[in-house]
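S.K.: sequence plus predicted model, see below.
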Amino acid sequence: MQRRDFLKTSIAASAIVLGSSAQAAVTTKPIDSRKVSKLAFPEKRPLITYSNRPPLLETPRDVFTTSITQNDQFFVRWHMPEIPTQIDLDKYRININGLVEKELSLSIKELKEDFEQVEITSVLQCGGNSRSAFNPIVGGIQWGSGAMGCAKWKGVRLIDILRKAGLPKDAHWIGFNGKDNPAYYETPMFIRELSIEEIEDNFIVAYEMNGEDLPYLNGYPVRLVMPGFYSDSWVKMLSNITVTNKYKSYFYMDKAYRIADNKTESETPENHYKPTKPITTMNVKSFIGYPDNGATLNQNSHVVVRGVAFDDGTGIKSVSISTDNGKTWNEADLKQEHGRYAYTEFRYTFKPTKSGKVTFMAKATNLLGDEQPFAKDVLWNHGGYKYNGIDEVTVTVV
């Protein structure tokens, strides 16, 4: 439909609009203690809920066994609480302005008809995913490991839009912002910037996700897609693209989503390292989707440990599984069918022969030889970003 009124979609949408400040109580450790909410948000199944204003929803562990995350199970992360609940596609525009040869105001129809349409499959992951696993615990949303997903995104190349507007030689920076707004006038707007040099041909302005319109909570009607990069720059409900010749100072560039600018990107709780740099590309990571923590398995059964692995697009070389606390490792079978920016599925067959506790550990290695560290060896940063410790699941064999 051309005009969408999400206020009528569900009770949860009403909570967003009416300004309910209720938040789900979340235990920080262990990660799998989080509970799925009984209340579903618009176009979503019930997910792990941290807040409904702004909506913060995490995907449960058992979803991460396949390479594509379904739209209604995809995690949600917004920064601003005021999100438009009525979207009229006939009136919606993406404005390209600033230091351009010709300012543009593109409708969704023009986006679909006037440019080459492209599709790419890519992981979208919050920079703070798995934040609750850091030791000592840091501030911020105490995500488990479900603030991520992988989808097929369809849209138009960002560079094609910029070329149509025309970029003069002294154009160096591009700012992006969407339709969401703060509730308090002194709260900084969520604006992100990229240098012209950072833009790649596979950055797209997407209007489809897994063959359907973008879900409302995932940025309907259009969002920025940057394969290999953390989601902080994947601006939702994209409405404005501004080209400048100089870097502009914004809170979400200068203060948030930054990490120590040193070789290890780490610091200590006592000494926060300066200078800092923005988080950009993702590091190598894997996650077990089945079995879940606390599951019960039968002796002599054939258990297939399943999960997903990914990185910044370098490519996954292997995923190894250990059942003896990392003393020995066996390679899992891999399934790679959606390209280097997508999830790689892994499977490992295990036959438990005695009763008791068994801990499965998963470790991914990419084509450059980068591999996940043990949880105890993950280097600390005060923002709680880029956690990629070896995943563990403990079950009981009876």
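M.R.: Done, it's in. Small disclaimer: the values here were computed from a predicted structure and weren't measured. Numbering: from 1, shown residues only.

S.K.: outline the domain layout of this protein.
M.R.: Here the domain parsing of the chain from automatic domain parsing is 3-77, 86-278, 285-397.

S.K.: neighbouring contacts of stretch 391-398?
M.R.: Contacting residues not belonging to stretch 391-398 are listed as 145, 286-288, 291-299, 307, 352, 354-362, 375 [Cβ atoms under 8 Å, 6 or more residues apart in numbering]. For the C-beta atoms, the positions are set from N, CA and C on the backbone; glycine is no exception.

S.K.: and that stretch, how far from the chain's centre?
M.R.: Per Cα atoms, centre = their mean, to the nearest Å, the displacement of stretch 391-398 from the mean C-alpha position of its chain is 27 Å.

S.K.: do the same with stretch 321-328
M.R.: Averaging C-alpha positions (Cα atoms, centre = their mean) puts stretch 321-328 29 Å from its chain's average.

S.K.: okay, how far is it across that stretch, tip to tip?
M.R.: 8 Å (Cα to Cα, to the nearest Å).

S.K.: now swap in stretch 37-55 and tell me
M.R.: Taking Cα to Cα, stretch 37-55 runs 13 Å from one end to the other.

S.K.: stretch 132-152 too?
M.R.: Using Cα to Cα, the end-to-end distance of stretch 132-152 comes out at 28 Å.

S.K.: same question, stretch 267-278
M.R.: Chord length of stretch 267-278, first to last residue, is 15 Å (Cα to Cα).

S.K.: what residues does it touch?
M.R.: Here stretch 267-278 makes contact (Cβ under 8 Å, 6+ apart) with Pro136, Met253, Tyr257, Arg258, Ile259, Ala260, Asp261, Asn262, Ser266, Trp380, Asn381, His382.

S.K.: try 10 Å
M.R.: 127, 136, 138, 192-194, 198, 229-230, 232-233, 252-262, 264-266, 379-383 (Cβ atoms under 10 Å, 6 or more residues apart in numbering).

S.K.: which of those residues count as buried?
M.R.: 127, 138, 192-194, 229-230, 232-233, 252-253, 256-260, 265, 380-383 (16 or more other Cβ atoms under 10 Å).

S.K.: what ranges do the helices span in the chain?
M.R.: In the chain, the segments counted as helices under DSSP state H are 11-18, 108-113, 158-165, 251-254.

S.K.: ranking the ones you listed by mean pLDDT, which is last?
M.R.: Mean pLDDT values for those show the minimum at helix 11-18, a mean of 39.

S.K.: model confidence for Leu106, exactly?
M.R.: What the model reports as pLDDT for Leu106 is 98.

S.K.: report the contact partners of it.
M.R.: 92-96, 114-115, 156, 161, 164-165, 205, 222, 241.

S.K.: taking these one by one, which sit in strands?
M.R.: Mapping the contacts of Leu106 onto strands (DSSP state E) picks out Arg93, Ile94, Asn95, Ile96, Val156, Val205, Ile241.

S.K.: name the nearest residue to the spatially most central residue of the chain, sequence neighbours excluded.
M.R.: Taking Cα atoms, centre = their mean, the centroid of the chain lies closest to Gln125, which sits 2.0 Å from it. The shortest distance from Gln125 to any non-neighbouring residue, by Cβ to Cβ, 6 or more residues apart in numbering, is to Met148 (3.9 Å).

S.K.: where's the one you found relative to Gly384, distance?
M.R.: 15 Å (Cβ to Cβ, to the nearest Å).
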